[in-house]
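Engineer: let's see this in three dimensions:
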Amino acid sequence: MHTAKREDIGMIFLQFYLFGITFLALLWNSVPHLMAVISARTLFCAWSLYSVWRTIHQKSVFYQLVGQPGTPCSIEMFSLYFEQRIAYQITDATLSVLSFFVGAYFTWKLTKVYNNQSFKTVGAPEHVMKLYKFFHGLQACLILEVFVIAAAMALWADQFLNSYIGTLSEHTKIYVTGFIATGVLLLPWLGAGWYAIRREHKVMMICFLASSFIMLFGWTVMFYSQIVRWTFLMWPNLACYTVAAQLLVVISVALGIICCRHYGEGLAQYLNVEAILSSSNFAADRFEVDVEKNGMSYDSDAIIYELSRKNSGKSRFSGESFSTASPVNLKLSHPEQPQPTFFLPTLSKTRRGSDGSSSFDIVSPTVGFSPLRRNSKI
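Structural biologist: This is a model prediction of the structure:
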């Protein structure tokens, strides 16, 4: 019953966490947050179905041990408890399955919309798009690790501090210190991983990978204790959190190494330009992607000023026709790496007004990404 209470508390906090990252996914048009939400929903749905079977199994075991006629007690002490808990868990499992399918549908739709918006805003070659997807996968893992690792460390610390295994273990203080240290350093570790990929920072990536290996090594050594192994086997919920945490760290390390091996191939520049266009309130559906444009280098810090300056003219002209397609003079901080190419809107005459002047429509501009290395393999 005590472990069941801990499980329920953990699941309640998980729902609040999922609500938070769902809100952020909608607020920021974030595909990684959507991936994290649907992954967590899948695990939660599987656990809800398993918990129904486990409670029914526990009811049968208790009945055979103490409730069945002919046993030493011959009394059903937990009949009301199991009936109520099974009813609640069936309801919870039904809602979990329903929310999973609804969430999967909307995640699929929103992911397509967000990806299309992103790819239409800044065009990039195929190898950069592959790296971009790996970066999304790493972000999703980091988002999940915030809750999963924190919950796993909290449950382990609770077991060593508030249960019998704390008195049986000879290294309780060492274990608890490790759990607390992991929880305290969790956010800096996750931030280092995100920053290392986002900025292509090799030193930060080395720190992230080294910390990950130290964490995995510490968790592996912990299972040398028989007390830890026994607790792991006897409490499935704690085991699920522990395995999920380790698996997420391994996936994060693998994706981090893949991204690190392709530093300097345009991912950082693509993310930088995408962030600038997003912060400048560019409408994605007004852009056409052309990745074959090249030969121009730009300063991304000047994009807002240059675009506003170039487009500050009047929308009506007295002449018969007018057109322009001048590029914005921008320069990235790393000229030896792939450079984005921006072209200003083209104005074309559409009709003549009653006052004798002509009006013009803005033809969609082209935003391209001209790589230096087009044949990079991943």
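Engineer: shaky segments in the stretch 1-150 of the chain?
Structural biologist: Applying pLDDT under 70 to the stretch 1-150 of the chain flags the ranges 117-124.
Engineer: is residue 263 in a helix, a strand, or coil?
Structural biologist: At residue 263 the chain is in coil, as set by DSSP: H, G, I helix; E, B strand; the rest coil.
Engineer: hmm, it is touching residue 200, no?
Structural biologist: Yes - checked against C-beta atoms under 8 Å, the pair residue 263 and residue 200 is within contact range at 4.6 Å. Heads up, the C-betas are built off the backbone N, CA and C, glycines and all.
Engineer: more neighbours, those two?
Structural biologist: Set residue 263 next to residue 200 and count neighbours by other C-beta atoms under 10 Å: residue 200 wins out with 22 against 17.
Engineer: what helix or strand does that one sit in?
Structural biologist: Using DSSP states H and E, residue 200 falls within no helix or strand.
Engineer: and the gap between residue 170 and residue 178?
Structural biologist: 15 Å (C-beta to C-beta, to the nearest Å).
Engineer: who has more neighbours out of those two?
Structural biologist: Counted by other C-beta under 10 Å, residue 170 and residue 178 do not tie: residue 178 has more neighbours, with 19 against 8.
Engineer: report pLDDT for the nearest residue to the more buried one once chain neighbours are set aside.
Structural biologist: Nearest residue to residue 178, sequence neighbours excluded (C-beta to C-beta, 6 or more residues apart in numbering): residue 218, at 5.8 Å. Listed pLDDT for residue 218 reads 92.
Engineer: confirm for me that residue 218 is in contact with residue 177.
Structural biologist: No - using C-beta under 8 Å, residue 218 makes no contact with residue 177, being 10.7 Å away.
Engineer: which SSE is residue 140 in?
Structural biologist: Taking DSSP H and E as the criterion, the element that holds residue 140 is helix 126-162.
Engineer: the residue nearest to residue 178: how many residues sit nearby?
Structural biologist: Quick note: residue 218 (other C-beta under 10 Å) scores 14 neighbours.
Engineer: that one sits in which helix or strand?
Structural biologist: Here residue 218 is assigned to helix 202-222, by DSSP H and E.
Engineer: so for that helix, what gets flagged as buried?
Structural biologist: 204-205, 207-209, 211-212, 215, 219, 222 (16 or more other C-beta atoms under 10 Å).
Engineer: now do stretch 184-202
Structural biologist: Across stretch 184-202, burial judged by 16+ other C-beta under 10 Å covers 186, 189-190, 192-194, 196-198, 200-201.
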